[in-house]
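J.: Fold the stuff below for me.
(2 chains)
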Amino acid sequence: GAGVSQTPSNKVTEKGKYVELRCDPISGHTALYWYRQSLGQGPEFLIYFQGTGAADDSGLPNDRFFAVRPEGSVSTLKIQRTERGDSAVYLCASSLGPSGTYEQYFGPGTRLTVT
Amino acid sequence: GEDVEQSLFLSVREGDSSVINCTYTDSSSTYLYWYKQEPGAGLQLLTYIFSNMDMKQDQRLTVLLNKKDKHLSLRIADTQTGDSAIYFCAEISGNTPLVFGKGTRLSVIA
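T.: Residues are numbered from 1 along each chain as shown, chains lettered A, B, ... in the order given. Just a heads-up that it's a prediction; the model follows:
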């Protein structure tokens, strides 16, 4: 596709359940980022992949959050034992290389609602 | 840690200029960005400025950077109703992640 895509666009889940959010980056982009945007806030960094490896996961709030990018393309953000405070829009971005040198292109986000 | 601050709301009349302000704390910032977010859409990069510049102009957009005061502004000339959106200031230092402000909601009154 032409841009970053994210699925699903909306996800409603019950407290305590497990969810997976998917990101398809722009083809050829080696860097991939996950951000979380709560209502009325700017995006907050979660994790950054360069290729298959997590180069920086300092933004993950706790060990319920995990992300993978096994083949260096598609990435999945996994949240275990969801809590109501996890409700937010989860944004994915990709870039040709490390940020600061290359523009990050953002997907439309997945809106997660935990009831 | 790094912090980026913006005023939350701005209202202007169509045809006037809009000025959105931002302050940041990281003195080692290398790039500063302005992103636009429309309802239901992803973040769109509008423009950016390298930290050794003090001004950048791109059509209706003018970015001013005062590095001494750590102050960044975005001026939109001849503001149109289609410019109504949330505008985020963001900064980066080296390979660190983007740090965003909370966003300024621009409302354009016809």
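
J.: Now the helix or strand harbouring A:Arg111: buried residues?
T.: Here A:Arg111 sits within strand A:110-114, counting by DSSP states H and E. Burial within strand A:110-114, assessed by neighbour count using 16 or more other CB atoms under 10 Å in any protein chain shown, is assigned to A:Thr110, A:Arg111, A:Leu112, A:Val114. In short, each C-beta sits where N, CA and C put it, glycine included.

J.: The residue positioned nearest the centre of chain A - nearest residue in space that isn't next to it in sequence?
T.: Closest to where the C-alpha atoms of chain A average out (CA atoms, centre = their mean) is A:Trp34, at 3.2 Å. Excluding the flanking residues, the one nearest A:Trp34 by CB to CB, 6 or more residues apart in numbering or on different chains is A:Leu46, at 4.2 Å.

J.: In chain A, what helix or strand scores lowest on average pLDDT?
T.: Among the helices and strands of chain A, strand A:53-56 carries the lowest confidence by mean pLDDT, DSSP states H and E, at a mean of 90.

J.: Please name the bridge partners of B:Tyr33.
T.: On the basis of DSSP bridges, B:Tyr33 is bridged to B:Tyr48, B:Ala90.

J.: residues in chain A within reach of chain B, list them.
T.: Chain A has residues A:3-4, A:33, A:35, A:40-45, A:48, A:56, A:59, A:91, A:93, A:98-100, A:103-109 near chain B, with proximity defined as CB under 8 Å from any CB of the partner chain.

J.: picking up where we left off before, quick one: the residue nearest to the centre of chain A and A:Thr76 touch, right?
T.: No: A:Trp34 lies out of contact with A:Thr76 (CB atoms under 8 Å); the separation is 9.9 Å.

J.: separation between the residue nearest to the centre of chain A and chain B?
T.: To chain B, A:Trp34 is 10 Å away according to CB to the nearest CB, to the nearest Å.

J.: can you give me phi and psi for that residue?
T.: Phi and psi for A:Trp34, reported as degrees, to the nearest 10, are phi -120, psi 140.

J.: With that, I have no additional questions.
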